[in-house]
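Undergrad: Based on what follows, work out the 3D shape:
(one chain, ligands or ions: 2)
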Amino acid sequence: MKITYSIIAPIYNELENIPELYRRVREIMESTREPWELILVDDGSTDGSTEAILDLAKEHECVRPLIFARNFGHQIAITAGWDYARGDAVVIIDADLQDPPELILEMAKKWKEGYEVVYAVRTEREGESWFKLWTASLFYRLIYRITDVKIPLDTGDFRLMDRKVVDVLRQMRERHRFPRGMSAWVGFRQVGVEYKRAARKAGETKYPFRKMFRLALNAITSFSYFPLQVATFFGFASAGIAIIAIPFVVYMRITGSQAFFGQATTLIAVLFLGGVQLISLGILGEYIGRLYDEAKGRPLYILRDAPKDQ
Ligand code: UDP
Ligand code: MG
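TA: Ligands and ions are numbered 1, 2, ... in the order given. Got it, this is the predicted structure:
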């Protein structure tokens with residue numbers, strides 16, 4: 001059977017949310033009267049989500065499970081979903097019901113009007129800490145400023161994409177990925193629909209600060225050389241200051257000034273430049289580490305069992 005909609009939900013320890021997710025997605029998708037499938041990607045859950053997904057798949061034919069051998073991360077789970085989706089339109093949705101499945105209908109309408117990427121823009125966010133709101137907002141704006149790709153502000157991964165777009169994305173096999181950036185990068189006709197982001201249905205966020213930081217680094221390094229250019233800028237600035245300072249200091253010495261006799265000035269200059277150099281080295285390291293990972297060419301993810309219906 002030809003499938004119209006593939007809904008992909010990455011799942012990492014979302015046991016309490018799975019039945020409700022299925023129920024709401026089913027309700028919405030049945031109202032379209034078109035064939036659909038729900039791809040549940042289990043990203044190495046340890047709370048019994050895996051079994052819940054497999055049970056659900058046994059019961060309902062439209063549920064397709066992809067079980068990872070371990071935790072590979074949200075972005076990779078989305079990628080696996082792209083790889084196995086069969087629909088003409090592919091939707092990514094969070095499993096914690098922060099993204100209302102009801103919005104899929106609105107997205108589908110835009111898709112039928114001819115848009116190839118329909119992304120959801122958050123106008124409001126409920127139940128998030130001020131820290132998350134603040135860092136997220138800062139992050140979106142920073143990325144917008146320093147990358148070449150104009151990633152729409154305040155959009156997450158919740159979006160619908162045409163088969164054409166997914167086929168292009170599937171060819172992009174980079175390891176450190178930022179799916180919403182990738183889907184902006186490919187171009188095509190894109191449009192946003194607005195929604196109010198709900199609070200998490202159950203459980204805790206699976207994005208501790210560490211993972212958010214990683215994601216931000218991936219986003220920046222995959223779409224921009226800005227951090228590397230900052231190092232160059234500091235290099236020119238310090239060299240410039242030094243060049244201007246030399247005749248100035250010589251002049252002061254000749255005229256008998258005592259201004260630059262102290263050790264403190266030397267120490268501060270050495271510490272400052274040492275710091276800038278180490279930071280630049282670290283930034284370089286981030287890029288080189290990513291290069292090394294790409295060079296290894298390992299598979300992006302490992303499935304515990306091959307899907308039966310592929
Ligand atoms: N997730 C995942 N692997 C991870 C972390 C998260 O598949 O390593 C899934 C998670 O189950 C959820 C989605 O990614 O469906 C978004 O995660 P979460 O809701 O915790 O992020 P937040 O909404 O707090 O940013
Ligand atoms: Mg969430």
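Undergrad: Show me where the stretch 151-300 of the chain dips below the pLDDT cut-off.
TA: Applying pLDDT under 70 to the stretch 151-300 of the chain flags residues 259-261.
Undergrad: Over to the stretch 1-150 of the chain?
TA: Ranges of the stretch 1-150 of the chain meeting pLDDT under 70: none found.
Undergrad: which bits of it sit near ligand 2?
TA: Applying CB under 5 Å from the ion, we find that the stretch 1-150 of the chain lies next to ligand 2 at 94, 96, 98. Bear in mind the C-beta positions are built from the backbone N, C-alpha and C, glycine included.
Undergrad: Relative to residue 121, how far out is the closest residue to the second one other than its chain neighbours?
TA: Spelled out, it's residue 96. Take residue 96 and drop its neighbours on the chain: the residue closest to it by CB to CB, 6 or more residues apart in numbering is residue 200, 4.6 Å away. The gap separating residue 200 from residue 121 is 19 Å, by CB to CB, to the nearest Å.
Undergrad: got the phi/psi numbers for the residue most central in space within the chain?
TA: What sits nearest the mean C-alpha location of the chain, by CA atoms, centre = their mean, is residue 178, with 3.8 Å. Phi and psi for residue 178, reported as degrees, to the nearest 10, are phi -140, psi 90.
Undergrad: try the one 3 residues further on
TA: The phi and psi values for residue 181, taken as degrees, to the nearest 10, are phi -70, psi -40.
Undergrad: Surely it touches residue 151?
TA: Yes: between residue 181 and residue 151 there is a contact at 5.2 Å, judged by CB atoms under 8 Å.
Undergrad: Pull out the buried residues from the helix or strand hosting residue 227.
TA: Using DSSP states H and E, residue 227 sits within helix 226-254. Buried residues in helix 226-254, counted by 16 or more other CB atoms under 10 Å: 226, 227, 231, 234.
Undergrad: From the contact counts, what lies against the next helix or strand after that helix?
TA: Note on helix 226-254: by DSSP H and E, the next helix or strand toward the C-terminus is helix 263-296. Secondary-structure packing of helix 263-296 (3 or more CB pairs under 8 Å, 6 or more residues apart in numbering; DSSP states H and E): helix 209-223, helix 226-254.
Undergrad: So is the first one next to ligand 1?
TA: If I follow you right, that is helix 209-223. No: using CB under 6 Å from any ligand atom, helix 209-223 never reaches ligand 1; the gap is at least 6.6 Å.
Undergrad: again with stretch 173-185
TA: No: figure legend: stretch 173-185 not in contact with ligand 1 (CB under 6 Å from any ligand atom); closest approach 11.2 Å.
Undergrad: Need the pLDDT of residue 309.
TA: Residue 309 is assigned 68 on the pLDDT scale.
Undergrad: coming back round to it: now, which of the residues of the stretch 1-150 of the chain next to ligand 2 lie within strands?
TA: Using DSSP state E, no member of those falls in strands.
Undergrad: did I read that right, residue 195 in a strand?
TA: Yes: secondary structure assignment places residue 195 in a strand (DSSP: H, G, I helix; E, B strand; the rest coil).
Undergrad: my guess is residue 158 contacts residue 95, does it?
TA: No: applying CB under 8 Å, one finds residue 158 not in contact with residue 95, separated by 11.5 Å.
Undergrad: So between these two, which is more surrounded?
TA: Between residue 158 and residue 95, counting by other CB atoms under 10 Å, residue 95 is the more crowded of the two (28 against 25).
Undergrad: residues contacting the more buried one?
TA: 9, 10, 11, 14, 17, 18, 21, 40 (CB atoms under 8 Å, 6 or more residues apart in numbering).
Undergrad: one more time with 7 Å, if that's ok
TA: Contacts for residue 95 were tallied using CB atoms under 7 Å, 6 or more residues apart in numbering; they are 9, 10, 11, 14, 17, 21.
Undergrad: Need the contact partners of stretch 115-127.
TA: Taking CB under 7 Å, 6+ apart as the rule, stretch 115-127 contacts 99, 103, 107, 110-111, 133, 152, 154-156, 158-162, 164-165, 183, 188-200.
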